[in-house]
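>>> got a predicted structure here, sequence first:
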Amino acid sequence: MGYGDVQMIDENGNRIDGRKAGDIRPIEIEMGVVPVADGSASMRWGTNYVIASVYGPMEAHPRKIQRQERAVLDVRYNMAPFSTTDRFRPGFNRRSREISKVTADALESVVLLELYPRSKIRVEIEIICAEAGTRCVGLTAASLALADAGIPMTDMVVSVASGKINGVVVCDLNKEEDNYGAADLPMGVLPNTGELVFLQMDGDLSPSEFQEAWDYNMEAALKIHELMKEAIANKYGGAQ
Amino acid sequence: MGYGDVQMIDENGNRIDGRKAGDIRPIEIEMGVVPVADGSASMRWGTNYVIASVYGPMEAHPRKIQRQERAVLDVRYNMAPFSTTDRFRPGFNRRSREISKVTADALESVVLLELYPRSKIRVEIEIICAEAGTRCVGLTAASLALADAGIPMTDMVVSVASGKINGVVVCDLNKEEDNYGAADLPMGVLPNTGELVFLQMDGDLSPSEFQEAWDYNMEAALKIHELMKEAIANKYGGAQ
Amino acid sequence: MGYGDVQMIDENGNRIDGRKAGDIRPIEIEMGVVPVADGSASMRWGTNYVIASVYGPMEAHPRKIQRQERAVLDVRYNMAPFSTTDRFRPGFNRRSREISKVTADALESVVLLELYPRSKIRVEIEIICAEAGTRCVGLTAASLALADAGIPMTDMVVSVASGKINGVVVCDLNKEEDNYGAADLPMGVLPNTGELVFLQMDGDLSPSEFQEAWDYNMEAALKIHELMKEAIANKYGGAQ
Amino acid sequence: MAQPLVPELLRAHLTELATRDQRADGRGQWEGRELSVEVGVLDRAEGSAKVQMGDTIVFCGIKFQLQTPYPDRPDEGGLMTSAELRPLAGRHIEPGPPSPESIEIGRVVDRGIRESGCINTKDLCIIPGEKVWQVIIDCFAISDDGNLFDAFGLAAIAALHNATLPGERFDVGEDRKLPVNKTPIMCSYQKVGGRFVYDSNREEEVGGDERIHITLGEDDHVHSLQKGLKGVFSASEFVEIMDAAKQRCAELRKIVDSL
Amino acid sequence: MAQPLVPELLRAHLTELATRDQRADGRGQWEGRELSVEVGVLDRAEGSAKVQMGDTIVFCGIKFQLQTPYPDRPDEGGLMTSAELRPLAGRHIEPGPPSPESIEIGRVVDRGIRESGCINTKDLCIIPGEKVWQVIIDCFAISDDGNLFDAFGLAAIAALHNATLPGERFDVGEDRKLPVNKTPIMCSYQKVGGRFVYDSNREEEVGGDERIHITLGEDDHVHSLQKGLKGVFSASEFVEIMDAAKQRCAELRKIVDSL
Amino acid sequence: MAQPLVPELLRAHLTELATRDQRADGRGQWEGRELSVEVGVLDRAEGSAKVQMGDTIVFCGIKFQLQTPYPDRPDEGGLMTSAELRPLAGRHIEPGPPSPESIEIGRVVDRGIRESGCINTKDLCIIPGEKVWQVIIDCFAISDDGNLFDAFGLAAIAALHNATLPGERFDVGEDRKLPVNKTPIMCSYQKVGGRFVYDSNREEEVGGDERIHITLGEDDHVHSLQKGLKGVFSASEFVEIMDAAKQRCAELRKIVDSL
């Protein structure tokens, strides 16, 4: 906050990396990157590089975590030690715990857990290289890995964040924009219904700015969904 | 120790807060202060403010802690972060562990645990505001909370400490007296029999000083017991 | 490394404590030093002083550690806080964890675990006074304690290390030699077959130096085995 | 917190009530429980508040510490929020290291305060580059009958407004009131029986689905959002609760500002 | 320590013996087990002792560290006692973080030493406000056949009397004997079969009730008391064991002072 | 890692194959899996490598930090190796604190690098007595199909050769290549079906016995050895694998030196 004097958008509305306000960064998806996993995917998104793997459904143990009527989803978001400019020290971390929890909350909303009573599905998200928006990349990659593992879901989850910089609402902040940004609104969207399973926000947005950021996210989610469908089709030789 | 030069008792035997040697600080008891608990009580004692809650008897789990022939008592004494002048950092603390243990030892001596085989009774003691003698206040409040929960006991436990200041034995040290005190003798008394279930002491007391402190505690315990009976009667509309 | 300029061996091939290159430090063994244990032994080896105790076979709990077809061996190597010149702080320690693991790996190779399905054998190694080579002393003492407990083994384990100092390969480094040494090769030998169950090495040894150190260890192991047999015979009044 | 068993009967009951636009304790959809806010209640804290919402009772205490500022922000102090869910406050709260729930609640309360800018960290500077104040906001539950998020959020901002910088005790000047520029307010909504309600009690929490936590500042500016727990919601549902939040936050802000 | 199963048979047996004024190992009510105390037994410690009471064997090692004194006590050093119950010493001792039992025993031994004033913390000052000694007393059990409290207490005071301040190693002057002004002694009593006995062994610990630990200094001054475990006792029982303690502490003090 | 159930059928199968000089995936006794090594693959690391051996995939990233040197070695920097086995990389890897396996693997990789002298810690000095570099080698498994030891060892030395000291970012001079003087190489052998094989895959790890890890430098100098897991081996078996290691390490060294 309060860094409004650093100019990040020029007079033509171009951002420092050449994007327009509503543009997303380049995205590359690779399926099956963890050969020993039941499902996996990686996303390069800007300079973010995130790998997600899925194991299960498997027996839930210890037994006290078992649920009679459904599977439990065990989700971990973690930053690799070399993922940040200053080395990221491994170990307990409140931010990672919170992101793991809200990511699990989002995925539980779409995975058909009732199909696998008493079992466990493990979802592992590793941030190999962090730029900005790692929680969105992680959640999206996790839904790709679940698809790769053949776990039935009501819909994919596409996550993306918009924010505010120099008083202007823009989509998918990069690292520099994030450093000087005044707000961040990450959302997790179900592309087929437009419903949400994930929502966070911090900063300062007026009601109209909020609406603008919301709309950017909805629009971007549909674009990203096209890339996801394409990656899955490339691997499995057909549409989702 | 060695702070004998700070004068805490005047020529008339008056202490800095106006009490005589054998007087206790003002005490206020409130029953049922934690609405969701099975039993609870708070004590304001000087500027100490302590809340105790009781849950159970409930199933003891994990099963390895179960005892075939009786209930287990799970007692925790904890200081809230804002309970002390310098913020009290949450987390592992050897002092709290020891006090939890001796408090449990004291309460186990009166609770009729044999009535509830294989079950667990949880006793939670939180020091919201700490003056001096928090372990005594906590133990006494816990026995009130157990009574409020309707857990059968052979007797209440009344706990109070006497000590030595400027070479004089006095009852129920306040914070300033505790800081400069030369001895502290906390006891846990069963008011109906005069027996003990709790005893600690540190400092330096000659045999005769020790006897004097002991006698102050016994006398004070009976006074405090009257206040406890009154608080219970006020809530339940009758004598204990 | 790189401390080659401190002269630790004189022109006659004598080491600072008067030993020749292939000599071991003085060793004293005492059996049954922990009266309450099922088996125990201590070794004084140079100024090392190490105590090992064995408990079991006993029921393995929690049940998830049980193995249907054999006993599990639970081995702990630990340094007492007063075992080193600077106080050794108790708690988690990566070095101790690794030594515990390789010691367990070595002992599992000789103990007839199949005789005790579903059970556990605890082996505790405490370094009371540390000189150099504590892992070797610990492993050897543990095999003595297992023998004292009457746990059947295919063979004893004798462990000893050779190293390099001032470019010369010598056996059983003492503390000063270890501080300035350029290599360390600890081995765990089965004296009756000459086979190995434990091997580590760090530093720099040419192939021929490596062979020399290996041979010193083999020779020393047989000498130490004689002392071990003697200690057992002294206690039980017969040869092993 | 242990995973509570969610009896399907409770869910069915709550759903049935919802179809008749009712709640288990008789409240309306956007109606909060009886509320009381007191400040200055903790003798050892530099600022404090007690909030009671029905049978949910919490304390918040403000403490200060001196610290060295970060080199890149030599004139800015620090802010830290911690939420302790001690087993005192409910049968469902287990002892042990912080649960994911307590971590989430602490971070959500923290974001609401921090992002509103109600504390200007430059107001916490004592000697630039050398000494700044750290504000520590400790939220502490006494009795959890649901919606600790809002209780903690309200207690935190009320306690901040009540706080005094203890310059004399730390020998860095006179005591003075902590400058608090704004009054961010959190309101939480949970889907119960298929529709969102305000201020869910513990029964509704156990038998309900996702929660949405909204922190608003002056002029309905949004400072923090958090969706928690399993569940899907639509854009129109969100608009509905955002409208409810705007009204309720304004009411609560008046209460806090009048203390 | 894991909770040992208390066979009612053992309790009944010990009670039956008590009615005939007997103990399981033939000792009298106030009689201790065979005792040996050795000092200077640990090569790497600056002071050390080994105590054997029957089959209970413990070490105590004294180590020193340099530290900066607290600002409000610039000329006083520090004292710390740690008691480690490693699983080496008994089948009933489980590995893992410090148990409540080991925390209690360390703190009780510490209080006896600290409160007696046997170490004057001003004797630990090297440069006021800058450098003071911290004395670390590490108690370590080799074999636990009961009454580790007294074994640790005796080993600790014996090791302190044996200790040398390692000025040369830390480059702060010459080595010199640690000044120890007094000899506090702890004696422990446990209720077994309905009456208190001195120096209970492990069998009595398992089949007994509450323990009382008494630390006395010169002239029978009381320095520390601790009641542990479940159990009720009367004032007259306490007077009885206090009298026994006065006699036994004096005997043990002679042994320590003559080492 | 959880203890995998070792089906006796798998062991019998591997033994039967071994009698016919075969392995489960058709490789020869001393034959490694298909190998690829890439460097410079991690944008935020100052040096990095990705190693793939069959379906085993790992990253290694080099990071630097400034630190104050130890008083007795004022002109020497530090070196630290960490190996993280995150549950991402395999169904058998459980979350939680570092397992004994991950501690062992990190320490063995560390010793190979450290003891070879490939990093001269004096090359890490910036201002003697004040500022030195600490090199941190973070090994990270993406997919564990066996033999993480060798994959981590190879990735570590390759990443070191790829590393740049970030002088500018830390404002201590210009960026420059990290001096790496040698190329230590680790080769691991596991006894499977009664004989040692090179580069065991996960199936062989689960159905095999002891492993021996050998790190060799130039001229076949031995820098590190480690025997892990339950098992007995003879001197002649060791000679055999040492000969195999000399050949394979030389081959791998050429690959690393040519990157």
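Now that the structure is in, tell me what you want to look at.
>>> in chain D, which helix is the longest?
As assigned by DSSP state H, the longest helix anywhere in chain D is helix D:235-257.
>>> ok, stretch A:77-86 near chain D or not?
No: applying C-beta under 8 Å from any C-beta of the partner chain, one finds stretch A:77-86 separated from chain D by no less than 11.6 Å. The way it works is simple: take the backbone N, C-alpha and C, and place the C-beta from them, glycine included.
>>> straight-line length of that stretch, end to end?
Start-to-end span of stretch A:77-86 (C-alpha to C-alpha, to the nearest Å) is 19 Å.
>>> and it, how far out from the chain's middle?
The gap between where stretch A:77-86 is centred and where its chain is centred comes out at 16 Å by C-alpha atoms, centre = their mean, to the nearest Å.
>>> quick one, what contacts residue A:84?
Residue A:84 sits next to A:130, F:44 when contact means C-beta atoms under 8 Å, 6 or more residues apart in numbering or on different chains.
>>> flag the shaky bits of chain A, pLDDT-wise.
A:1-5, A:238-240 (pLDDT under 70).
>>> next: the stretch 1-150 of chain D.
The stretch 1-150 of chain D contains residues with pLDDT under 70 at D:1-6.
>>> mind listing the strands for it?
Using DSSP state E, counting those that start in this stretch, the strands assigned to the stretch 1-150 of chain D run over residues D:35-39, D:47-53, D:56-67, D:78-84, D:125-127, D:131-143.
>>> helices and strands around the second one, which ones?
In terms of contacts (3 or more C-beta pairs under 8 Å, 6 or more residues apart in numbering or on different chains; DSSP states H and E), strand D:47-53 is packed against strand D:35-39, strand D:56-67, helix D:148-161.
>>> return the distance of the longest one from the chain's centre.
Centroid separation between helix D:148-161 and its chain, computed with C-alpha atoms, centre = their mean, is 5 Å.
>>> how near is the closest residue to chain E within chain D to chain F?
At 11.1 Å from chain E, residue D:171 is the closest residue in chain D, using C-beta to the nearest C-beta. According to C-beta to the nearest C-beta, to the nearest Å, residue D:171 and chain F sit 30 Å apart.
>>> show me what contacts that residue?
When contacts are counted by C-beta under 8 Å, 6+ apart, residue D:171 touches no other residue.
>>> next, it: phi, psi?
With angles defined as degrees, to the nearest 10, residue D:171 sits at phi 60, psi 40.
>>> residue contacts, residue A:130?
Shown in contact with residue A:130 (C-beta under 8 Å, 6+ apart): A:48, A:79, A:83, A:84, F:44.
>>> returning to that earlier point: closest to chain C out of the helices and strands packed on strand D:47-53?
Comparing the helices and strands packed on strand D:47-53 by C-beta to the nearest C-beta, strand D:56-67 comes nearest, at 26.5 Å.
>>> contacting residues around the closest residue to residue A:220 other than its chain neighbours?
Leaving aside its chain neighbours, residue A:220 sits nearest to residue A:160 (4.6 Å; criterion: C-beta to C-beta, 6 or more residues apart in numbering or on different chains). With contacts defined as C-beta under 8 Å, 6+ apart, residue A:160 is in contact with A:24, A:133, A:136, A:140, A:171-172, A:186-187, A:189, A:217, A:220-221, A:224.
>>> got CSV for those residues, with secondary structure and neighbour count too?
CSV is the format used below for the contacts of residue A:160 (DSSP: H, G, I helix; E, B strand; the rest coil; neighbours: other C-beta atoms under 10 Å in any protein chain shown):
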residue, secondary structure, neighbour count
A:24, coil, 20
A:133, coil, 26
A:136, helix, 30
A:140, helix, 30
A:171, strand, 25
A:172, coil, 25
A:186, strand, 21
A:187, strand, 27
A:189, strand, 27
A:217, helix, 24
A:220, helix, 23
A:221, helix, 24
A:224, helix, 23
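>>> still on that earlier bit, got the helices and strands packed on strand D:47-53 as CSV, with distance to chain F and mean neighbour count columns?
Output for these, formatted as CSV (distance: least, C-beta to the nearest C-beta, whole Å; neighbours: other C-beta atoms under 10 Å in any protein chain shown):
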stretch, distance to chain F, mean neighbour count
strand D:35-39, 41, 16
strand D:56-67, 21, 23
helix D:148-161, 27, 28
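>>> ok so, going back, which elements pack onto the longest helix of chain D?
By 3+ C-beta pairs under 8 Å, 6+ apart, helix D:235-257 packs against strand A:196-205, strand D:35-39, helix D:148-161, strand D:185-192, strand D:195-198, strand D:211-216.
>>> want to try CSV for these, with distance to residue C:67 as columns?
Listed next are these as CSV, based on distance: least, C-beta to C-beta, whole Å:
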stretch, distance to residue C:67
strand A:196-205, 43
strand D:35-39, 59
helix D:148-161, 45
strand D:185-192, 47
strand D:195-198, 52
strand D:211-216, 45
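>>> tell me the residue of chain D that sits nearest chain C?
For chain D, C-beta to the nearest C-beta, closest residue to chain C: residue D:97, 15.6 Å.
>>> which residues touch that residue?
Taking C-beta under 8 Å, 6+ apart, one finds nothing in contact with residue D:97.
>>> gap between it and residue D:84?
Separation of residue D:97 from residue D:84 (C-beta to C-beta, to the nearest Å) stands at 11 Å.
>>> for residue A:118, same thing?
33 Å.
>>> which of these two has more neighbours?
For residue A:118 versus residue D:84, neighbours defined as other C-beta atoms under 10 Å in any protein chain shown are more numerous around residue D:84 (20 against 15).
>>> so what pairs up with the closest residue to the more buried one other than its chain neighbours in the strands?
Among residues not flanking residue D:84 along the chain, residue D:140 sits closest, at 5.3 Å (C-beta to C-beta, 6+ apart). With DSSP bridges as the criterion, residue D:140 is bridged to residue D:59, residue D:84.
>>> pretty sure residue D:140 contacts residue D:81?
No: in this structure residue D:140 lies outside contact range of residue D:81 using C-beta atoms under 8 Å: 11.8 Å.
>>> have a look at these two and say which one is more surrounded.
residue D:140 (26 against 22).
>>> who's in contact with that one?
If a contact means C-beta under 8 Å, 6+ apart, then residue D:140 has B:80, B:81, B:82, B:126, B:128, D:58, D:59, D:60, D:61, D:83, D:84, D:86 as its contacts.
>>> is the fourth one in a helix, a strand, or coil?
Just to be clear, that refers to residue B:126. Using DSSP: H, G, I helix; E, B strand; the rest coil, the structure places residue B:126 in strand.
>>> so what's the residue of chain A found nearest chain B up against?
Proximity of chain A to chain B (C-beta to the nearest C-beta) peaks at residue A:64, 7.7 Å away. Residues near residue A:64 by C-beta under 8 Å, 6+ apart: B:61, B:62.
>>> picking up where we left off before, nearest to residue E:117, of the helices and strands packed on strand D:47-53?
strand D:56-67 (33.4 Å; C-beta to C-beta).
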